[in-house]
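Q: sequence and predicted structure are below.
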Amino acid sequence: PGAIREVLERTGPDLVLLTSPNVARVLPEGVGAGFDAACVGTLTAAVAERLGFTVRQVGTGTGADLARALIGAGEPGLVLFLRGEVVRREGTDVLEDAGWRVEERVVYAARPRRAFDADVAAAPAPAACVVGSPGGATALDRALTAAGRRDLRAGPVVAIGETTAERLAGLSFTGVRACEVPGVDGILAVLGDLLRRDASP
């Protein structure tokens, strides 16, 4: 993390791209001072501001949606993408196809929590599951298989977005609903709808 400020100053990007609030776990406060950022999601944007970045663009859809908005808003430039170890490249591909230069730096990696499988095995049957990433979908699938609870794939599952919903569907979850609004508000809206419907006669 201490090297990120040096990377920012050496690269001199026109824009820093952030697609996940997970960067807050590894980047030091104030590291982005003096640099502009574009973010996927309002939560990521709030994190970016706490890190000192000036947020110029906030996307409410996918990384590709944000990339198209950036292309429509200005001339091609240099983007520094601070990202996790595993990402979808659709946004960066869109930018590069439009003549933007993208440099990438991996600043964090998600790792499974060792107790997760046991926690899933011991948990009571949920009214619904909430899944916040494609990696989370894979972890839930693995834990349900290990626990012999594959039947829960047919229950209500709230996916944070379309990408996560696609991963869940590919893993044979059948009751998947993707949030139409990003973030906590979107999750609460879908949960409220599901639970009211499930509780009705």
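A: Structure's in. What do you need? Residues are numbered from 1 along each chain as shown.

Q: so how far is stretch 166-175 off the chain centroid?
A: Its chain's C-alpha centre and that of stretch 166-175 lie 18 Å apart, by Cα atoms, centre = their mean, to the nearest Å.

Q: repeat for stretch 72-83
A: 19 Å.

Q: do the same with stretch 13-31
A: 13 Å.

Q: can you list contacts of the one helix or strand in the chain whose mean pLDDT sits lowest?
A: Least confident helix or strand of the chain, by mean pLDDT, DSSP states H and E, is helix 184-199 with a mean of 79. With contacts defined as Cβ atoms under 8 Å, 6 or more residues apart in numbering, helix 184-199 is touched by 43, 127, 128, 130, 156, 158, 160, 177, 178, 179, 180, 181. C-beta coordinates here come from the backbone N, C-alpha and C atoms, glycine included.

Q: with just CA atoms, put it into CSV.
A: The C-alpha coordinates for helix 184-199 follow below in CSV (Å, rounded to 0.1, in the frame of the first residue of the first chain):
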residue,chain,number,x,y,z
VAL,A,184,-27.5,-1.4,0.3
ASP,A,185,-30.7,0.4,-0.9
GLY,A,186,-31.0,-2.1,-3.8
ILE,A,187,-30.4,-5.1,-1.6
LEU,A,188,-33.1,-3.9,0.9
ALA,A,189,-35.6,-3.2,-1.9
VAL,A,190,-35.2,-6.7,-3.3
LEU,A,191,-35.3,-8.4,0.1
GLY,A,192,-38.4,-6.5,1.1
ASP,A,193,-40.1,-7.5,-2.1
LEU,A,194,-39.1,-11.2,-1.7
LEU,A,195,-40.0,-11.5,2.0
ARG,A,196,-43.3,-9.7,1.6
ARG,A,197,-44.2,-12.0,-1.3
ASP,A,198,-43.0,-15.1,0.4
ALA,A,199,-45.1,-14.2,3.5
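
Q: hmm, back to that, quick check, nearest of the contacts of helix 184-199 to residue 170?
A: The shortest approach to residue 170 among those belongs to residue 178, at 13.5 Å (Cβ to Cβ).

Q: what subset of the contacts of helix 184-199 is buried?
A: The neighbour count (16 or more other Cβ atoms under 10 Å) marks 130, 156, 158, 160, 177, 178, 179 as buried among the contacts of helix 184-199.
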